[in-house]
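Chemist: Structure here, sequence nowhere to be found:
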(Lines give C-alpha, C1' and ligand atoms only; values in the text may rest on other atoms or scores of the structure.)
Protein backbone atom coordinates (compact mmCIF):
# COMPACT_ATOMS: atom_id res chain seq x y z
CA UNK A 1 0.00 0.00 0.00
CA UNK A 2 2.85 2.41 0.77
CA UNK A 3 4.33 2.15 -2.71
CA UNK A 4 0.99 2.80 -4.36
CA UNK A 5 0.44 5.93 -2.23
CA UNK A 6 3.84 7.27 -3.19
CA UNK A 7 3.42 6.37 -6.87
CA UNK A 8 0.39 8.65 -7.35
CA UNK A 9 2.13 11.73 -5.94
CA UNK A 10 3.54 14.32 -8.32
CA UNK A 11 7.32 14.28 -8.56
CA UNK A 12 8.82 17.61 -7.49
CA UNK A 13 12.54 18.19 -7.80
CA UNK A 14 13.28 20.47 -4.84
CA UNK A 15 16.45 20.80 -2.79
CA UNK A 16 16.52 20.80 0.99
CA UNK A 17 18.98 21.87 3.66
CA UNK A 18 17.45 20.31 6.79
CA UNK A 19 15.57 17.09 7.57
CA UNK A 20 12.37 19.06 8.17
CA UNK A 21 12.72 20.85 4.86
CA UNK A 22 13.46 17.55 3.13
CA UNK A 23 10.27 16.04 4.59
CA UNK A 24 8.37 19.11 3.48
CA UNK A 25 9.72 18.97 -0.08
CA UNK A 26 9.61 15.20 -0.57
CA UNK A 27 6.38 14.38 1.27
CA UNK A 28 4.25 17.39 2.16
CA UNK A 29 4.46 19.41 -1.06
CA UNK A 30 3.67 16.46 -3.37
CA UNK A 31 0.71 15.47 -1.18
CA UNK A 32 -0.55 19.06 -1.11
CA UNK A 33 -0.29 19.22 -4.89
CA UNK A 34 -2.11 15.89 -5.20
CA UNK A 35 -4.88 17.04 -2.83
CA UNK A 36 -5.08 20.59 -4.21
CA UNK A 37 -8.62 20.38 -5.62
CA UNK A 38 -10.15 18.74 -2.55
CA UNK A 39 -8.42 21.24 -0.23
CA UNK A 40 -10.18 24.10 -2.00
CA UNK A 41 -13.51 22.29 -2.03
CA UNK A 42 -13.33 21.49 1.70
CA UNK A 43 -12.30 25.06 2.57
CA UNK A 44 -15.01 26.80 0.55
CA UNK A 45 -17.67 24.29 1.60
CA UNK A 46 -16.81 25.08 5.22
CA UNK A 47 -17.19 28.82 4.52
CA UNK A 48 -20.53 28.17 2.82
CA UNK A 49 -21.86 26.06 5.71
CA UNK A 50 -20.72 28.64 8.28
CA UNK A 51 -22.02 31.52 6.14
CA UNK A 52 -18.60 33.18 6.27
CA UNK A 53 -17.38 35.63 3.65
CA UNK A 54 -13.62 35.95 3.16
CA UNK A 55 -13.36 37.97 -0.02
CA UNK A 56 -11.29 41.13 -0.04
CA UNK A 57 -9.76 43.09 -2.91
CA UNK A 58 -6.21 43.08 -1.53
CA UNK A 59 -4.41 39.74 -2.04
CA UNK A 60 -2.36 40.12 1.18
CA UNK A 61 -5.51 40.81 3.21
CA UNK A 62 -7.26 37.86 1.53
CA UNK A 63 -4.37 35.58 2.50
CA UNK A 64 -4.50 36.88 6.07
CA UNK A 65 -8.25 36.20 6.27
CA UNK A 66 -7.80 32.67 4.92
CA UNK A 67 -5.03 31.90 7.44
CA UNK A 68 -7.10 33.34 10.30
CA UNK A 69 -10.09 31.23 9.26
CA UNK A 70 -7.97 28.07 9.15
CA UNK A 71 -6.31 28.76 12.50
CA UNK A 72 -9.46 29.82 14.36
CA UNK A 73 -11.69 26.97 13.23
CA UNK A 74 -10.47 23.75 14.81
CA UNK A 75 -12.89 21.57 12.85
CA UNK A 76 -11.73 23.03 9.53
CA UNK A 77 -8.09 22.88 10.54
CA UNK A 78 -8.38 19.22 11.51
CA UNK A 79 -10.22 18.35 8.28
CA UNK A 80 -7.48 19.99 6.21
CA UNK A 81 -4.71 18.32 8.19
CA UNK A 82 -6.52 14.99 7.82
CA UNK A 83 -6.52 15.35 4.03
CA UNK A 84 -2.72 15.48 4.15
CA UNK A 85 -1.90 13.13 7.03
CA UNK A 86 -4.20 10.48 5.54
CA UNK A 87 -1.88 10.28 2.54
CA UNK A 88 1.22 9.44 4.63
CA UNK A 89 2.81 6.03 4.58
CA UNK A 90 3.48 4.42 7.98
CA UNK A 91 7.15 5.47 7.83
CA UNK A 92 6.23 9.05 6.92
CA UNK A 93 3.78 9.19 9.82
CA UNK A 94 6.54 8.15 12.23
CA UNK A 95 8.69 11.05 10.98
CA UNK A 96 5.70 13.42 11.16
CA UNK A 97 4.81 12.56 14.74
CA UNK A 98 8.33 13.43 15.96
CA UNK A 99 7.77 17.11 15.06
CA UNK A 100 4.01 17.19 14.70
CA UNK A 101 3.53 20.80 15.80
CA UNK A 102 6.17 22.14 13.42
CA UNK A 103 4.88 20.09 10.49
CA UNK A 104 1.27 21.11 11.20
CA UNK A 105 2.32 24.78 11.02
CA UNK A 106 4.10 24.13 7.72
CA UNK A 107 1.11 22.24 6.32
CA UNK A 108 -1.40 24.91 7.31
CA UNK A 109 0.77 27.72 5.94
CA UNK A 110 1.16 25.90 2.62
CA UNK A 111 -2.59 25.21 2.49
CA UNK A 112 -3.33 28.90 3.07
CA UNK A 113 -0.91 29.86 0.31
CA UNK A 114 -2.43 27.32 -2.10
CA UNK A 115 -5.99 28.57 -1.48
CA UNK A 116 -4.87 32.17 -1.99
CA UNK A 117 -2.92 31.38 -5.17
CA UNK A 118 -5.77 29.31 -6.61
CA UNK A 119 -8.28 32.11 -6.00
CA UNK A 120 -6.11 34.71 -7.73
CA UNK A 121 -5.69 32.62 -10.89
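Modeler: Received it, and whenever you're ready, just let me know what you need. Just so it is clear, the structure is predicted and the values come from calculations on it, not from any experiment.
Chemist: Residue 8: what's its closest spatial neighbour, skipping adjacent residues?
Modeler: Closest residue in space to residue 8, ignoring its immediate chain neighbours: residue 34 at 6.6 Å, by C-beta to C-beta, 6 or more residues apart in numbering. All C-beta spots, glycine's among them, are computed from the backbone N, C-alpha and C.
Chemist: Would you map the helices across this structure?
Modeler: Applying DSSP state H to the chain gives helices spanning 2-7, 19-23, 29-34, 36-50, 59-72, 74-85, 90-98, 100-120.
Chemist: what bits of this structure have low per-residue confidence?
Modeler: 1, 54-57, 120-121 (pLDDT under 70).
Chemist: where's the closest residue to residue 109 other than its chain neighbours relative to residue 22, distance?
Modeler: Distances taken as C-beta to C-beta, 6+ apart place residue 67 nearest to residue 109, at 7.5 Å, with adjacent residues excluded. Counting by C-beta to C-beta, to the nearest Å, the gap from residue 67 to residue 22 is 25 Å.
Chemist: Who has more neighbours out of these two?
Modeler: A count of neighbours by other C-beta atoms under 10 Å puts residue 67 above the other of residue 67 and residue 22, at 17 against 14.
Chemist: That one reaches residue 105, doesn't it?
Modeler: No: checked against C-beta atoms under 8 Å, the pair residue 67 and residue 105 is beyond contact range at 10.9 Å.
Chemist: Report how many residues lie close to residue 87.
Modeler: 19.
Chemist: Please identify the buried residues of stretch 22-30?
Modeler: Buried residues in stretch 22-30, counted by 16 or more other C-beta atoms under 10 Å: 23-24, 26-30.
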